[in-house]
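S.K.: with the sequence up front, the predicted model follows.
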Amino acid sequence: METTIKRKNIDLPVEVLQKLSLLAVAQGRSLKAFIEQLLIAKANSISVEVHENPSPSGDPWFNVPENIDSVHRGIQEMNEGQGEAYTMDEIRRRLGV
């Protein structure tokens, strides 16, 4: 994996910056190194759920989280007996195609 460093500025309340500075000094680290270590540790502890696109053709519609959520809600409704299933012929007939 290629490492790319991008610089970003962040704004912190003075009180928070003072607390972080004290903690950094107590560990014998620079404030920058201390904050970077905190952020990296936090980011590494976060579990990110990655969904593989279920479409055999790779349809980008399935890359939109809201669309996948809608599909999951529909499946849940069907499992709870709240939905209705239609055959392709019924759908065509209802749409007049």
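M.R.: Good, I have the coordinates.
S.K.: quick one, grab the pLDDT at residue 60.
M.R.: We have a pLDDT of 89 for residue 60.
S.K.: so what's the residue count around it?
M.R.: Look at residue 60: counted by other CB atoms under 10 Å, it has 10 neighbours. (Glycine included, C-beta is placed from N, CA and C.)
S.K.: now it: closest residue in space that isn't a chain neighbour?
M.R.: Distances taken as CB to CB, 6 or more residues apart in numbering put residue 53 closest to residue 60, at 8.0 Å, once the chain neighbours are dropped.
S.K.: is the one you found in a helix, a strand, or coil?
M.R.: Assigned with DSSP: H, G, I helix; E, B strand; the rest coil, residue 53 falls in the coil class.
S.K.: neighbours of residue 54, just the number please.
M.R.: The local packing of residue 54 (other CB under 10 Å) involves 10 other residues.
S.K.: you'd agree it is up against residue 62?
M.R.: Yes: the pair residue 54 / residue 62 is scored as a contact, 5.9 Å apart, by CB atoms under 8 Å.
S.K.: show me the contacts for residue 37.
M.R.: Contacts for residue 37 (CB atoms under 8 Å, 6 or more residues apart in numbering) come out as residue 29.
S.K.: please identify the buried residues of the helix or strand hosting it?
M.R.: Under the criterion of DSSP states H and E, residue 37 resides in helix 31-45. Within helix 31-45, the residues scored as buried using 16 or more other CB atoms under 10 Å are 34-35.
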